[in-house]
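Student: here is a sequence together with a model predicted from it:
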Amino acid sequence: MIAEGRRNQRLVALYREMLRIRLVEETIADRYAEQEMRCPVHLSIGQEGVAVGVSAALRRDDYMISTHRGHAHYLAKGGDLRAFIAELYGRETGCSGGRGGSMHIIDRSVGMIGSTPIVGGSLPIAVGTAFSTRLDGGDRVTVVYFGDGTTEEGVFLEALNFAALKALNVIFVCENNGYSVYSPLAVRQHPNRSRVAIAAANGLATGTGDGNDVVAVYDATKVAVDRARSGGGPTFLEFDTFRHREHCGPFFDDDLGYRDPAFVAGWLARDPVTTLERTLLADGTLDAASQSEIVSELRAEIDDAFAFAKASPFPPPSDLFRHIYAEDV
């Protein structure tokens, strides 16, 4: 009974974290038209299951490197919501001092080494970070996120080879949402090209899973994390997922016709947040009153973060040349 109770608490916690990210990003989308967030935004709506499932298997001091679509990764890793929203508004209290915006998030207090919008640019940073852990003799794990398009870059193979050669504590997490902007996998990669097989051929342990199933993501990641900490080397994980909105921006773009309506409907029916919510309500783990209370608490937290951001000052002109050199950090 105790074990079952802990399991239920864990499921509610995973649901709450996914819902938190969903509500944050929907609020960003709603307020973006105010023209006060002047950086481009790549929303993670629909892909919360991967970020939350992976981060649930990590320690706070484990490292993480992200991409242009990194909001969910940062928040799931324990990032400060106030600092995150302030960063979108370009304020001095932002996690990157108001200098990075949506695509350049850094917060070393939660192991967020940074995010980069350059496709594949995060991979060499990740293996370098993991190599430093090896030289220091520590057991921290480095997780690096990237999309299916990154696996078409040469640095992908170089990173896999180096990680396997040095048996590094790095986990490669491929969020396969099936599209590189508007181009599906079918026009970019041969149907017999398996990204998992490529990783295995380079000497990595591998795993796959449904990115909409947060528990499955957690389970696969936990195996990889335990393997890394025990000296078993790197792992490549691929999770199928789906972004609900346009590649870049707060709107929907399915009117452009690059995704079949039936395909979109199928993915929306498997939404990671609402699917787990229905399960928890159906089996009695969560009741309607508790679910409503969670939503109210999250909305209050989000409103507070936006108010904090808007009340925060912009970086002063005198700080224009700060943070250019490492000694200034």
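Tutor: That came through fine.
Student: residues in contact with residue 214?
Tutor: With contact set as CB atoms under 8 Å, 6 or more residues apart in numbering, residue 214 has these partners: 14-15, 18, 48-49, 52-53, 56, 272, 276. No exception for glycine: its C-beta is placed from N, CA and C like everyone else's.
Student: need phi/psi at residue 237.
Tutor: Residue 237 has phi and psi values of phi -120, psi 130 when expressed as degrees, to the nearest 10.
Student: bridged to it, which residues?
Tutor: Beta bridges link residue 237 to residue 173, residue 207 when assigned by DSSP bridges.
Student: correct me, but it touches residue 208?
Tutor: Yes: using CB atoms under 8 Å, residue 237 makes contact with residue 208 at a distance of 7.2 Å.
Student: mind listing the shared neighbours of the two?
Tutor: The contact sets of residue 237 and residue 208 overlap at residue 220 (CB under 8 Å, 6+ apart).
Student: thinking again about what came up before, select from the contacts of residue 214 the one having the most neighbours.
Tutor: Neighbour counts for the contacts of residue 214 (other CB atoms under 10 Å) peak at residue 49, which has 32 neighbours.
Student: tell me which of residue 237 and residue 208 has more neighbours.
Tutor: For residue 237 versus residue 208, neighbours defined as other CB under 10 Å are more numerous around residue 237 (26 against 17).
Student: residue contacts, that one?
Tutor: Shown in contact with residue 237 (CB under 8 Å, 6+ apart): 171-174, 206-209, 220-221, 224.
Student: now the element after the lengthiest helix in the chain, going C-ward?
Tutor: In the chain, with assignment by DSSP state H, the single longest helix is helix 2-31. In the C-terminal direction, the helix or strand that comes right after helix 2-31 (DSSP states H and E) is helix 48-55.
Student: residues contacting the next helix or strand after that next one, please?
Tutor: For helix 48-55, the following helix or strand on the C-terminal side (DSSP H and E) is strand 63-66. Strand 63-66 is contacted from outside by 55, 58, 73-74, 77, 105, 111-116, 122, 125-126, 129-130, 133, 140-145, using CB under 8 Å, 6+ apart.
Student: run a quick neighbour tally on residue 165.
Tutor: 13.
Student: repeat that for residue 222.
Tutor: Using other CB under 10 Å, residue 222 has 15 neighbouring residues.
Student: tell me the most packed of the contacts of residue 237, by neighbour count.
Tutor: Going by other CB under 10 Å, residue 171 tops the contacts of residue 237 with 31 neighbours.
Student: my read is that that one contacts residue 140, right?
Tutor: No: Residue 171 is beyond contact range of residue 140, at 11.5 Å (criterion: CB under 8 Å).
Student: from the contacts of residue 214, pick the one nearest residue 230.
Tutor: Comparing the contacts of residue 214 against residue 230 with CB to CB places residue 56 closest, at 19.2 Å.
Student: and the closest one, how far from residue 183?
Tutor: Remark: distance between residue 56 and residue 183 (CB to CB, to the nearest Å) = 32 Å.
Student: with residue 72 instead?
Tutor: According to CB to CB, residue 72 and residue 183 sit 23 Å apart.
Student: rewinding a little: closest to residue 257 out of the contacts of residue 237?
Tutor: Nearest to residue 257 among the contacts of residue 237, with distances taken as CB to CB, is residue 174, at 26.4 Å.
Student: I appreciate the help and will end here.
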